[in-house]
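>>> Predicted coordinates and the sequence they were generated for:
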Amino acid sequence: MNKWLLRIEGLCVFLLSIYVYGTNDFSWPLFLLLLFTPDVGMIGYVFNHERGAVVYNAFHTYSLPLGLLVLASILEIQWIFLYSLIWTAHIGMDRMLGYGLKYPTHFKDTHLNRM
């Protein structure tokens, strides 16, 4: 049951991010181009599973992009606002598809399930 709630939550975040992105008339080709950039966080797995999980999770938690969204809104920095929406959409999409935060045991061990 909890897995499905988290997937639905991810879907809602994904759709809300897309909605806000669209209402700001940002570039859709840019959205598609940058949508998977948070996956650069997988680079930590080059070293080991523990470091990989820390780096990956840092790129896949809502805290950083939502903090940047608030900061970009206050300071009116459009490009940070734009990328933060894309980043948030990426995380929501991952959660919707069942990809969760990683445990340090293995890349496939996540807080949602074992992939």
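Here it is on my side, so go on. Quick caveat: nothing in here was measured; it's all calculated off a predicted structure.
>>> which residues touch residue 93?
Listed by C-beta atoms under 8 Å, 6 or more residues apart in numbering, the contact set of residue 93 reads 10, 14, 35. C-beta here means a position set from N, CA and C on the backbone, and glycine is covered the same way.
>>> Check which helix or strand the residue positioned nearest the centre of the chain maps to.
Among the residues of the chain, the one closest to the centroid is residue 91, at 2.3 Å (C-alpha atoms, centre = their mean). In the assignment (DSSP states H and E), residue 91 maps to helix 78-97.
>>> Equivalent analysis for residue 61, please.
Going by DSSP H and E, residue 61 is not in any helix or strand.
>>> now do residue 56
helix 49-59.
>>> Could you pull out the buried residues of that helix?
Residues of helix 49-59 classed as buried under the neighbour-count rule (16 or more other C-beta atoms under 10 Å) are 49, 52-53, 55-57, 59.
>>> Residue 106 and residue 48 touch, don't they?
No - Residue 106 lies out of contact with residue 48 (C-beta atoms under 8 Å); the separation is 11.1 Å.
>>> For the two, indicate the residue with more neighbours.
residue 106 (14 against 10; other C-beta atoms under 10 Å).
>>> Quick check, pLDDT for the more buried one.
pLDDT recorded at residue 106 is 78.
>>> what residue ranges in this protein score low on pLDDT?
Residues of the chain that meet the criterion pLDDT under 70 lie in 1, 113-115.
>>> what's the closest non-adjacent residue to residue 15?
The shortest distance from residue 15 to any non-neighbouring residue, by C-beta to C-beta, 6 or more residues apart in numbering, is to residue 92 (7.7 Å).
>>> How about the contacts made by the one you found?
9-17.
>>> Tell me which of the residues you listed fall in helices.
Within the contacts of residue 92, residues falling in helices by DSSP state H are 9-17.
>>> So among these, which ones count as buried?
With burial judged by 16+ other C-beta under 10 Å, the buried subset of the ones in helices among the contacts of residue 92 is 10, 13-14, 17.
>>> so how many other residues sit close to residue 70?
12.
>>> same question but for residue 94, I mixed them up
21.
>>> cool, the one 5 residues further on as well?
The burial count assigned to residue 99 is 17, neighbours taken as other C-beta under 10 Å.
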